[in-house]
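>>> From the sequence below, what's the structure:
(chains A and B)
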Amino acid sequence: MPLLSMRNINKSFSDVPANADVSLDVEAGEIRALLGENGAGKTTLMNILYGIYSCDSGSILWKGERARFDSPKKAIAAGIGMVHQHFMLVPTLSVSANVVLGLKPPGYPFTDRRKLDAAVLELSRRYGLEIDPAALVSDLSVGQRQRVEILKLLYRNASLLILDEPTAVLTPSEIDSFFEVLTRLKREGHAVILITHRISEVLSISDRITVLRGGAVAASVNTADIDAESLSRLMIGRTLKTLRRSVPPARSASVTLEVRGLHSSEHGVERLRGVDLSIFPGEIVGVAGVDGNGQKELAECLLGLRRASTGTITLNGERIESLRTAERRRRGIAYVSDDRHGDGLVLDMDLTENYFLAFHDDSRFLKGPFISRARCIRETDAAIKRFSIKTGGPRAIARLLSGGNQQKLVLAREFADEPVVLVAFQPTRGLDVGATEFVGERLLERRDSGCAVLLISTDLDELFSLSDRITVMSRGRLTSPIENDGSVDATRLGLLMAGDGGVPCAS
Amino acid sequence: MRFVRDVVSYCLIALIVVLVAALCVRAVGSDVSKAALGFFRGAFGSAYGISEVLVRATPLMLSALGVSIGFQTGFFNIGAEGQIYVGAAATTAVALAFPSLSPAAMIPLALGAGFVAGGVWALIPGFLKARFGLSEIINTIMFSYIAVNVVGILVRTVLKDPSYPLPMSSETPQSLSLPLLMETSRLHAGFPIALLSAFFVHALMRWTVPGFRMRSVGLNPRASRCVGISVYGNLLLAAFLGGGFAGLAGACEIAGVHHKLLEGISPGFGYTAIIVALLGRSRPAGIVVASLGIAALQIGSMSMQRSAGVPSSIAWIVMGLLVLLILARPRLVELIPAGTKEAFR
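Down below sits the predicted model:
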């Protein structure tokens, strides 16, 4: 008898099916991967199990009995726990306080902190989740916070753990130790459902794989019986194109973008501590590193969204560090970010207005004192065709586009004026495989037409396939770039990412 | 489907409002039909009644337009009342300082002074928000208190008419008076100015680049910065324009209705304007309609008080209820069908 058995689950959102006849069996002591692109219905299925959504039809058997949880609280009480992609921790509380949040800790209502800390420490040792129970969550690294999330579930005696894209936030070495934890969980008899779209990870850690595509089960197989290529075919319905960089252009003598000794701090904390960087025309410089080591700050300093306290930024021989964002954009700096909702688009405006955002001081789009709507619509329409954006038309509201199409709209807009420098901050984060491929192709296209591209990413595979040179950002500094000629490997970059001393480790 | 739902929900709202109003009238022991008759006679029963509605709608419309510019830019200007007072004071001061100007020079100059003064008054909280992130909701309202009381001081000191014991300014020169549009009424050229302003605000916000920038800052300041739109500059611009239209409302009250500066120059027009802007969903056309509606409600209720002895404060109860229902409507509309669907399963 399987631990969990979901039968013929159906769920639609305003008549669009998100899950169609999905069945899933999970045994105790197995790691089950739920593989699929964004929008394939993985998270919907898990949210149904976890009591966040109710299904339209279908049944759930938990430990052999019919169950329907109408809230996460009931799911947890029954022994099902979920770690969401965005952690749900209170940063100002200690690890053990977070673990017992919402429960009655020992000695309630007067928490016996020593006893509690001992219990949490004991639990963390048992599963190899070494962590200091008294540490504040705000002082922990992302990887350590993930451990706290898992401890929360174990403390509540969860026998099934659902992990939503758990490796997206981890460094290569953190991923290794995370996999050890998973193996340990399995040995202790827990079942794990791993929601992911990374094929390589699925192959290395899972026992069985369920592939979802378009809301339906494309296949359920034993990991031992399948390879990467068939998995990707099942997942996206075709094989992936391999992106290929053309031969590196002869590096011309003149640097396009040159950064020297850039420092920037926020609330007294130094975010950038002397960044040096030069990008030549027609090359992509990749910046690897764990999120939060100053990458966003670097991008913002280049765009003029953030002031650098010292240091120079030179664009084609001209100092630009004291120019405003509008001036820098006029000189040809474009920006694509992972945060389409925050940085990229005004979601409540239509596509035309979002396209016009980049041309708000361009007199070509004016007719007398007024904005030429006809011209805006014409250009937007052309952009929609050029980037094959799936939409109801130029008057559709940007909010209604899928993530991939939103990013295409941003690319179309930012590329419209042939930028000299492109700052791409994790441009494929949260996109499905097809859209990721599209973005990669467009970046290479820019590179080939002579643009200097700065690609900041946490995805090493992406950096390896796109960059001409790779550098690593760690604690506000960049290492000197390495030629990406096939001789670099993930281990070497991983060591650099850990940087001088690595992330502080509490225990 | 959507359209039907909208119509049904608005009819429901109207029904609820009428029912509550009738209940209130009954509660004070008056005759509902007599009260209703008094209400409609007062607001729409005569040319004079209608002209009074338009006179009342003028300052509401102008200041609500100002408030709506702020709303669209993410500047929540709650202090239109103070900006009205400052505008009125500036207009009076300019008119009294240059009494010999011809109307063709006087009216644009004095109304312009009212606009600028109102704008500058709003610019201070605007600057405090743009530069230091201080809440404009608190600051604009605090600046209202300051403005109202500064006007109180002015009409007792520098602007006081020495020949009268009451705290008010001397009569403004004849050249400031806005032409009347109708014999034996108070309807003045401020009303067409308000309509023109509505058209101007629509054109500005929808058709020009500055309006586009302000809207984009209001909807997503971060994305606006990323494409080089200055959040700082556009907040200041919106604060100035918003305060300016409220100031113009005050200026038109002086030049069209009162012809002198008084302490109670605005019976809360600036606060009612927020309601008007909300009801009109910050769209100029909506604001025109909403200001006429609210003005009719107020004028009608005053007549109801005279003819049926029903306190006009019922109008405020109705207004509060109306705003509440209209703001809650989108949620209520969502809830009803979803709830029924679940119930039938």
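
>>> First residue to last residue on stretch A:204-218, what's the distance there?
20 Å (Cα to Cα, to the nearest Å).

>>> Please list the residues outside it that contact it.
A:17-24, A:30-37, A:40-42, A:44-45, A:179, A:182-183, A:186, A:194, A:202, A:219-223, A:226, A:231, A:234-237 (Cβ atoms under 8 Å, 6 or more residues apart in numbering or on different chains). Quick note: C-beta positions are derived from backbone N, CA and C, even for glycine.

>>> Around chain B, which positions in the stretch 351-500 of chain A sit nearby?
A:353, A:356-358, A:360-361, A:366, A:369-371 (Cβ under 8 Å from any Cβ of the partner chain).

>>> Show me the shaky parts of chain B.
Applying pLDDT under 70 to chain B picks out residues B:1, B:335-345.

>>> Kindly report the residues of it close to chain A.
Within chain B, the positions near chain A by Cβ under 8 Å from any Cβ are B:203, B:207-209, B:212-213, B:215-216, B:219-220, B:222-230.

>>> Helices of the stretch 1-150 of chain B, residue ranges please.
Using DSSP state H, counting those that start in this stretch, the helices of the stretch 1-150 of chain B run over residues B:2-27, B:32-44, B:47-73, B:80-97, B:103-132, B:136-154.

>>> Packing partners of the third one?
Secondary-structure packing of helix B:47-73 (3 or more Cβ pairs under 8 Å, 6 or more residues apart in numbering or on different chains; DSSP states H and E): helix B:32-44, helix B:80-97, helix B:103-132, helix B:190-207, helix B:209-219, helix B:231-252, helix B:269-279, helix B:284-308.

>>> of these, which approaches residue A:153 most closely?
Checking those against residue A:153 by Cβ to Cβ gives helix B:209-219 as the closest, at 38.8 Å.

>>> hey, what's the residue nearest to residue A:454 when sequence neighbours are not counted bridged with?
In this structure, residue A:454 finds its nearest non-sequential neighbour in residue A:423, 5.1 Å apart by Cβ to Cβ, 6 or more residues apart in numbering or on different chains. In this entry, residue A:423 is beta-bridged to residue A:335, residue A:454, by DSSP bridges.

>>> Residue A:423: how many residues sit nearby?
The number of residues packed near residue A:423 is 25, by other Cβ atoms under 10 Å in any protein chain shown.

>>> That one reaches residue A:329, doesn't it?
No - counting by Cβ atoms under 8 Å, residue A:423 does not reach residue A:329; the two are 10.8 Å apart.

>>> doesn't residue A:275 fall inside a strand?
Yes - counting by DSSP: H, G, I helix; E, B strand; the rest coil, residue A:275 is found in a strand.

>>> one step back: any of the residues of chain B next to chain A buried? List them.
For the residues of chain B next to chain A, a burial check counting by 16 or more other Cβ atoms under 10 Å in any protein chain shown picks out B:207-209, B:212-213, B:215-216, B:219-220, B:222-230.

>>> Among the helices of the stretch 1-150 of chain B, show me which one is buried the most.
Neighbour counts (mean count of other Cβ atoms under 10 Å in any protein chain shown) averaged over each of the helices of the stretch 1-150 of chain B peak at helix B:80-97, with a mean of 29.

>>> The nearest residue to residue A:344 once chain neighbours are set aside: what's it in contact with?
Nearest non-adjacent residue to residue A:344, counting by Cβ to Cβ, 6+ apart: residue A:410, 4.2 Å away. Contact analysis of residue A:410 by Cβ under 8 Å, 6+ apart lists A:336, A:340, A:344-345.

>>> element containing residue A:410?
Assessed by DSSP states H and E, residue A:410 sits inside helix A:403-415.

>>> before we move on, what about residue A:299?
Counting by DSSP H and E, residue A:299 is found in helix A:295-303.

>>> buried stuff in that helix?
A:295-303.
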